[in-house]
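1. here's my sequence, what's the structure:
(chains A and B)
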Amino acid sequence: MRLAGTADKKPMNARKILLAAALLLAGVIAGGCADRTRVAAAPAPAQRTSFDAALVARGARLAAIGNCAACHTQPGGKAFAGGLPLSTPFGTIYSTNITPDPDTGIGRWTGEEFLRAMHEGIDRGGRHLYPVFPYDHFTLVTDDDVAAIYAFIMTRDPVKADVPANRLTFPARFRPAIAAWKALYFARGVYRPDPSRSAEWNRGAYLAEGLGHCGACHTPHNALGAEEKQRDLGGGDVESWHASSLTVTSPAPVPWTADQLFDYLRGGREVKHGIAAGPMSPVVHDLAGVAENDVRAIAVYIASRMRPEGPDAQKPGNALFASARPEEAGSSSGTRRGTASLDEGEGIFIGACATCHSAGLAATDRQPVALGLTTSINAPDPRNAVHITLEGLWPDPGERGALMPGFAGELSDGQVAALVDYLRARFTDKPAWTDVPERVREIRQGMRDER
Amino acid sequence: MIDLDINGRTHAIDADPSTPLLYVLRDHLALSGAKFGCGLGQCGACTVMIDGQAAFSCVTPISVLPGRRIKTVEGLGTVDNPGPVQRAFIEEQAAQCGYCIAGMIMRAQALLEKNPAPSDAEVRRHMMPNLCRCGTHMRILRAVGRAAGEMRAAAARDVKPAKS
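-> Next comes the predicted model:
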């Protein structure tokens, strides 16, 4: 998935400047170009025809678990030809062309060079790669799996496509600074199985922590864009969305089970939690086509992270929500009303939302997820709820899936904010969000910029 | 009473504030261009424009509309003097049963007012929320393209006198 830490666009504070200066200095000392010499002796890259079809097929499934295409493809662009702008706290980085075009892609890369990029974050020319390419996760991928991905990538159609130059602030645009970043935050690793756990759990942990790089979005990032390991999978930022916590701090009112996670990851929808949206959409789209066992293994592992006491331990959830339809789920209904804004929100809800989002609809898989159960309305910040209210939910063209109209044309910023505040108060027992109007303005501006 | 600005005229409406705009248009004001299709914001037959943006009138309570400008298909032209988008839809014979067409026209109008020269991909993306059960989509797309061309030509004619 794409880089985390993008929503926070505050100006650099003193601590950050200090860190940046330290990085720069350390980068010079570490001499980030030391690996250049390793290139000269590299053998010629493999020919397209020299890959075994079974290896290519295995690589295709692995590349889907890694969700490579999501970052390395522009909307409407050729697959893997790069050019997608990824906004980071240090500026914009454009994803690279990883098709086998020899001039603009990675057609000249050998398997060993590809492996080194995946494991150590160093490109063919010996330059350090920006960690927006999540080699801090890919370093765990086995040599065999990387070889399969290489076979898959090198047998794609080559696309001649230059990508725009990165637009980065100093010192991030000084590549040797990445050497210092690596010294601080990157460790070359391999996945070590936990013998006390099942083979399925270990497979899931290997995929989720390595190739799947869940933490790239779902772990909070520090000021230098590194994952905060002490809050691993504790909830992060991606683009202007919130990536939910996948630990005991998950905001889901009904604790996730492995089966529910499997349904969500496989089908993009789980009736007690919600619908995959925003940056999670391409992830579930890719996972729909990989080996079922692998998705199940990821689900088993993530479910265990949410309940570390063991598979049978129950997280003390809000009992009200356990079998909740929206009507029952509003634990605070009647007690928090009374402000003009919440009254306004309720009026909008009745006229715009209730036709679909109310009790009494037949229990089919077309029924919306009960609002009180949705992760977005229970989340620590309102961004996902605002996104979905403004933009709606749309299946990929030609595919079936949940469809909710967006209300960007129907509702003003103030009306969206009143509605979102009302949803939070009416359907959850969580404290009110305090930053809804700002988030509505930002996200609507983002929609305008996209057009 | 709620005041609604529809096609440039103010109407004082006596209805529950949660009443969908579509019901007010059809039942109170006899503006029956916008159609009830699904009532769930899923089909687009009820599409109108609010402050220049396409909107589903079936899921828009009138409580959110005071101070905003509403435009319906009746506001684009008359039978004798149709507007450019309406004319293009007639010329391309884009209607079969016609039930979706007022919504299609309004969504196209919203696009062309913002973007007078949309690409085919932009037209397709913009028109995606509106459904047609007859299957005249290709004619609808041609009609939107024709309307865009005619609106650009008209705009060019309008500026000519100033130039010469």
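2. angles on the backbone of the closest residue to chain A within chain B, please.
-> Residue of chain B nearest chain A, by CB to the nearest CB: B:P61 (2.3 Å). Any C-beta I mention is one placed from the backbone N, CA and C, and that applies to glycine too. The phi and psi values for B:P61, taken as degrees, to the nearest 10, are phi -70, psi 140.
3. excluding sequence neighbours, find me the nearest residue to it.
-> Nearest non-adjacent residue to B:P61, counting by CB to CB, 6 or more residues apart in numbering or on different chains: A:G351, 2.3 Å away.
4. list the beta-bridge partners for the residue of chain B closest to chain A.
-> B:P61 has these beta-bridge partners by DSSP bridges: B:P20.
5. domain map for chain A?
-> A:14-185, A:199-306, A:320-450 (automatic domain parsing).
6. how close does the spatially closest residue to B:I90 that is not a sequence neighbour get to B:R157?
-> Leaving aside its sequence neighbours, B:I90 sits nearest to B:P82 (CB to CB, 6+ apart; 6.7 Å). Distance from B:P82 to B:R157, counting by CB to CB, to the nearest Å: 18 Å.
7. what about the two, which has more around it?
-> B:P82 (17 against 9; other CB atoms under 10 Å in any protein chain shown).
8. gap between the more buried one and A:P134?
-> Applying CB to CB, the value for B:P82 to A:P134 is 56 Å.
9. next helix or strand past the helix or strand of chain A with the lowest mean pLDDT?
-> Every helix and strand in chain A was compared by mean pLDDT, DSSP states H and E; the lowest is helix A:326-329, with a mean of 43. Remark: after helix A:326-329, the chain's next helix or strand is helix A:340-348, criterion DSSP states H and E.
10. which residues does the next helix or strand after that next one contact?
-> Later in the chain than helix A:340-348, the nearest helix or strand by DSSP H and E is helix A:375-378. By CB atoms under 8 Å, 6 or more residues apart in numbering or on different chains, the surrounding residues in contact with helix A:375-378 are A:244, A:250-253, A:273-274, A:277, A:371, A:384-385, A:388, A:423-424, A:427-428, A:430.
11. for chain A, what lies in contact range of chain B?
-> A:76, A:344, A:347-348, A:350-353, A:355-356, A:394, A:397, A:403-405, A:407-412, A:415 (CB under 8 Å from any CB of the partner chain).
12. derive a PyMOL selection command for the buried subset of those.
-> Here is the PyMOL selection string for the buried members of the residues of chain A next to chain B, based on 16 or more other CB atoms under 10 Å in any protein chain shown:
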select buried, chain A and resi 344+347+348+350+351+352+353+355+356+394+404+405+407+408+409+410+411+412+415
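13. contact residues of chain B facing chain A?
-> So far as CB under 8 Å from any CB goes, chain B lies against chain A at B:17-20, B:39-42, B:50, B:53-56, B:59-64, B:68, B:110, B:121, B:128-129.
14. just these: which are in strands?
-> Counted as lying in strands by DSSP state E, out of the residues of chain B next to chain A, are B:50, B:53-56.
15. report the buried members of those residues.
-> Here, 16+ other CB under 10 Å leaves B:50, B:54-56 buried among these.
16. which residues in chain B form helices?
-> Remark: helices assigned in chain B by DSSP state H are B:21-23, B:84-91, B:101-114, B:120-127, B:137-163.
17. any idea which residue is closest to the centre of chain B?
-> Centre of chain B computed as the mean C-alpha position; nearest residue by CA atoms, centre = their mean is B:M106, 1.4 Å away.
18. once you drop chain neighbours, what's closest to that residue?
-> Once flanking residues are discounted, B:M106 sits nearest to B:T47: 4.6 Å by CB to CB, 6+ apart.
19. same question, A:R116
-> Distances taken as CB to CB, 6+ apart place A:I122 nearest to A:R116, at 5.3 Å, with adjacent residues excluded.
20. what about the one you found, neighbour count?
-> Count around A:I122 with other CB under 10 Å applied: 24.
21. now do the same contact list for the residue of chain A found nearest chain B.
-> Nearest residue of chain A to chain B, counting by CB to the nearest CB: A:G351, 2.3 Å away. Contacts for A:G351 were tallied using CB under 8 Å, 6+ apart; they are B:17-20, B:59-64.
22. can you pull the contacts of residue 64?
-> Looking at chain A here, since you left the chain open. A:286-287, A:289-290.
23. could you do chain B instead?
-> Contact analysis of B:V64 by CB under 8 Å, 6+ apart lists A:348, A:351-352, A:410-412, A:415.
24. turn those into JSON lines, including pLDDT and distance to A:H221.
-> Shown next, in JSON lines, are those (pLDDT from 0 to 100; distance: CB to CB, whole Å):
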{"residue": "A:I348", "pLDDT": "96", "distance to A:H221": "35"}
{"residue": "A:G351", "pLDDT": "93", "distance to A:H221": "40"}
{"residue": "A:A352", "pLDDT": "95", "distance to A:H221": "36"}
{"residue": "A:E410", "pLDDT": "96", "distance to A:H221": "35"}
{"residue": "A:L411", "pLDDT": "97", "distance to A:H221": "32"}
{"residue": "A:S412", "pLDDT": "96", "distance to A:H221": "33"}
{"residue": "A:Q415", "pLDDT": "97", "distance to A:H221": "33"}
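25. pLDDT value on A:D396, please?
-> If you check A:D396, the pLDDT there is 79.
26. tell me where the stretch 51-200 of chain A has strands.
-> Along the stretch 51-200 of chain A, counting by DSSP state E, counting those that start in this stretch, strands occupy A:85-88, A:91-94, A:167-168.
27. could you tell me the least trusted of those?
-> strand A:85-88 (a mean of 89).
28. partner strands of it, parallel or antiparallel?
-> The strands beside strand A:85-88 in its sheet (DSSP bridges) come out as strand A:91-94 (antiparallel).
29. let's see the partner strand as PDB, backbone CA atoms only.
-> In PDB, the C-alpha atoms belonging to strand A:91-94 read as follows (Å, rounded to 0.1, in the frame of the first residue of the first chain):
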ATOM      1  CA  GLY A  91       7.400  15.900  -0.600                       C
ATOM      2  CA  THR A  92       6.100  13.900  -3.500                       C
ATOM      3  CA  ILE A  93       7.700  10.700  -4.700                       C
ATOM      4  CA  TYR A  94       6.700   9.100  -8.000                       C
END
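30. residues in contact with it: which ones?
-> Contact with strand A:91-94 is made by A:3, A:82-86, A:130, A:132, A:163-169, A:172-173, as judged by CB under 8 Å, 6+ apart.
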